[in-house]
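Visitor: For reference, the sequence and a predicted model appear below.
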Amino acid sequence: MKGIDIYSGQGSVDFNAVRNSGVEVVYIKATEGVTYTDSTYQTFYNEAKAAGLKVGFYHFLRANDPISEAEHFLNTISGLSVDCKCAIDVEVALGQSTSQISSNVRQFADHLIGKGIDVCVYTYVSFYNDNLNSTVKDLPLWIAEYGVSSPEIDASYVGFQYSESGSVSGISGNVDLDTFSDGILVGGTVVIDPGNDGDDAIKAIQKDLNILLKRGLAVDGIEGSQTKQAIEDFQSIMGLTADGIWGSHTQAAADQIFSRPLDGVPYPHYEYATRYIQYRVGASIDGTFGNGTKAKVQTWQANNGLSADGVVGAASWSKLLD
């Protein structure tokens, strides 16, 4: 799908002309940091929707408390219906380490995922390679690189921004140009790097399922009956529709588990992570970490040589996943 991403610097936009030029997806800047709100986001949203375009919002991530930034973003777009994953735009280091930048992205993403919101990460190739670590590289990726036919990156992506100086009918001056797969859409399926045959993405799913379900699938990149059954089993555990399709909600469930949140009775609610814990310790699977789950966790911890405190922290997650 042909797409653009815009902000207030674009000035007035004729969205009907944009649509008639073949554009299907419009990403609109909503917020930045903890206080800035783009002045045109509501107008752009209303007019893009009226023109029949698929709309998404993005937040420019700074170096503040990521939960505060996430709440600012959510408060701004509250009540608006989006067609595309909410994008976390991370492209400036601001003196932070790779670990800190990645932690900020992860916390922002998990805050939205925990509320049932689909997310993706936008950045450019060099920043992705130099400033983000493995803790966030499982999130759907919208990648930018100019002057190439496809991004020179060893990763799957759902969006490719290939120009920052494009021209589109209905917009005066330069505009960012993108191409998106269905994976950018809310509820879209996992999308493969267009430059390969899809095997690598299926292999990645098989590896994740082997870690999560201890299933022993052959990591062969073939979407066969055993892989489909494992996906359905994981979806059932997560309380999702067991259709065997590794879509955005299934990915979000896996992402939350792999983020290894501190989970226990007095801690923030993480439904997918809690469901996984309950599955592994033999508790009733309802997504709520109550005293019954705590007791099961304590028994499981004691049986695995861990401190039986009923809290799933780093050591317990390591035993569950590593």
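Guide: That came in fine, so what should we check first?

Visitor: how close does F108 get to Y58?
Guide: F108 sits 12 Å away from Y58, taking C-beta to C-beta, to the nearest Å as the criterion. For glycine as for every other residue, the C-beta is placed from the backbone atoms N, C-alpha and C.

Visitor: Report the set of residues contacting both of these two.
Guide: Between them, F108 and Y58 share the neighbouring residues I88, with contact defined by C-beta atoms under 8 Å, 6 or more residues apart in numbering.

Visitor: Could you pull up the mean pLDDT of stretch 15-26?
Guide: This predicted structure assigns stretch 15-26 an average pLDDT of 95.

Visitor: buried set for it?
Guide: Along stretch 15-26, these residues count as buried under the neighbour rule (16 or more other C-beta atoms under 10 Å): F15, N16, V18, R19, V23, V25, V26.

Visitor: same deal with stretch 237-246?
Guide: By 16+ other C-beta under 10 Å, the buried positions in stretch 237-246 come out as I237, M238, L240, A242, G244, I245, W246.

Visitor: Now render those as JSON lines, adding secondary structure.
Guide: Written out in JSON lines, the entries for those read as follows (DSSP: H, G, I helix; E, B strand; the rest coil):
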{"residue": "I237", "secondary structure": "helix"}
{"residue": "M238", "secondary structure": "helix"}
{"residue": "L240", "secondary structure": "coil"}
{"residue": "A242", "secondary structure": "coil"}
{"residue": "G244", "secondary structure": "coil"}
{"residue": "I245", "secondary structure": "coil"}
{"residue": "W246", "secondary structure": "coil"}
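
Visitor: And the closest residue to T293 other than its chain neighbours, how close does it get to K294?
Guide: Beyond its immediate neighbours in the sequence, the residue positioned closest to T293 (C-beta to C-beta, 6 or more residues apart in numbering) is A283, lying 4.6 Å away. Distance from A283 to K294, counting by C-beta to C-beta: 9 Å.

Visitor: cool, D110 as well?
Guide: Using C-beta to C-beta, which is the criterion applied here, D110 is 22 Å from K294.

Visitor: Neighbour count: those two, which is higher?
Guide: For D110 versus K294, the count of surrounding residues by other C-beta atoms under 10 Å is larger for D110: 23 against 19.

Visitor: Who are the contact partners of the nearest residue to the more buried one once chain neighbours are set aside?
Guide: Leaving out its chain neighbours, the residue that sits closest to D110 by C-beta to C-beta, 6+ apart is S259, at 5.2 Å. Contacts of S259 were listed using C-beta under 8 Å, 6+ apart, and they are R106, D110, T135, A273.

Visitor: for the residues you listed, which one is nearest Y41?
Guide: Comparing the contacts of S259 against Y41 with C-beta to C-beta places D110 closest, at 23.7 Å.

Visitor: mind listing the strands for the stretch 51-200 of the chain?
Guide: Per DSSP state E, counting those that start in this stretch, the stretch 51-200 of the chain carries strands over the ranges 54-60, 86-89, 119-124, 141-144, 159-166, 175-180.

Visitor: can you put those strands in JSON lines and add distance to G9 and mean neighbour count?
Guide: As requested, these are arranged in JSON lines below (distance: least, C-beta to C-beta, whole Å; neighbours: other C-beta atoms under 10 Å):
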{"stretch": "strand 54-60", "distance to G9": "13", "mean neighbour count": "23"}
{"stretch": "strand 86-89", "distance to G9": "14", "mean neighbour count": "24"}
{"stretch": "strand 119-124", "distance to G9": "17", "mean neighbour count": "23"}
{"stretch": "strand 141-144", "distance to G9": "17", "mean neighbour count": "25"}
{"stretch": "strand 159-166", "distance to G9": "12", "mean neighbour count": "18"}
{"stretch": "strand 175-180", "distance to G9": "10", "mean neighbour count": "21"}
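
Visitor: To D200, which of the ones you listed lies closest?
Guide: Taking C-beta to C-beta as the criterion, D200 comes closest to strand 141-144 out of the strands of the stretch 51-200 of the chain, the separation being 13.3 Å.

Visitor: pLDDT on the closest one, on average?
Guide: Average pLDDT, strand 141-144: 96.

Visitor: So in that sheet, which strands flank it, and in what orientation?
Guide: strand 119-124 (parallel), strand 159-166 (parallel) (DSSP bridges).
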